[in-house]
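In: requesting a structural model of the entry that follows:
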Amino acid sequence: MIAVWIIAVSFTLVGVLYSAPKYYKIFTCRSTAAGRIVASRSSLGTETKGARAKYEYYVDGIRYEADTGWTTFGIFSRAAEYKVKYNPNKPQVSFLSMSGIYLNAILGTVFWLAGIGAFLIGIFLSAAGF
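Out: The predicted structure follows:
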């Protein structure tokens, strides 16, 4: 029975800790600006094919630079122009619309829901006397 509680706590914590910062950015970054990729890296030679990019954008004539972080859902090209979503109150907080942040937030939510499901299973098994 303890294994069910360990799984429930683990999945719930991972889901919340992984998706909460992404949801914060999604909900607070409401303004848009045009941005471009300054540098990008891929993780060639590893099992996963992740990528990360450094991008720049301008808000009220001030240049900002940010990093996407490692993502397996982003495809970055230096020739393209990207839509940058930024927080109007803190313009240095931003994300690229095409960086996979929405998919990462959904992935964290799936883990959170799996943890909640494990909690419900644990409660059901406890009530059934297991």
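In: now do the buried residues in the strand ranked longest in the chain.
Out: Longest strand in the chain, counting residues (DSSP state E): strand 31-42. Residues of strand 31-42 classed as buried by neighbour count (16 or more other CB atoms under 10 Å): 33, 35, 37, 40. Just so you know, the C-beta spots here come from the backbone N, C-alpha and C atoms, and that holds for glycine as well.
In: partner residues bridging the first one?
Out: Right, residue 33. residue 84 (DSSP bridges).
In: any low-confidence regions in this structure?
Out: Judged by pLDDT under 70, the chain has its weakly predicted residues at 43-50, 73-74.
In: which residues are contacting the longest strand of the chain?
Out: Residues outside strand 31-42 that contact it (CB atoms under 8 Å, 6 or more residues apart in numbering) are 49-59, 65, 76-78, 80-88, 91, 94, 96.
In: return that strand as PDB; C-alpha atoms alone will do.
Out: Only the C-alpha atoms of strand 31-42 are listed here, as PDB (Å, rounded to 0.1, in the frame of the first residue of the first chain):
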ATOM      1  CA  SER A  31       2.100  41.100 -24.600                       C
ATOM      2  CA  THR A  32       3.800  40.200 -27.900                       C
ATOM      3  CA  ALA A  33       6.900  41.300 -29.700                       C
ATOM      4  CA  ALA A  34       8.900  40.200 -32.700                       C
ATOM      5  CA  GLY A  35      12.000  38.300 -31.800                       C
ATOM      6  CA  ARG A  36      14.800  36.500 -33.500                       C
ATOM      7  CA  ILE A  37      17.200  33.600 -32.600                       C
ATOM      8  CA  VAL A  38      20.700  34.800 -31.600                       C
ATOM      9  CA  ALA A  39      22.100  31.300 -30.900                       C
ATOM     10  CA  SER A  40      20.900  27.800 -30.800                       C
ATOM     11  CA  ARG A  41      22.200  24.400 -29.600                       C
ATOM     12  CA  SER A  42      21.000  20.900 -30.100                       C
END
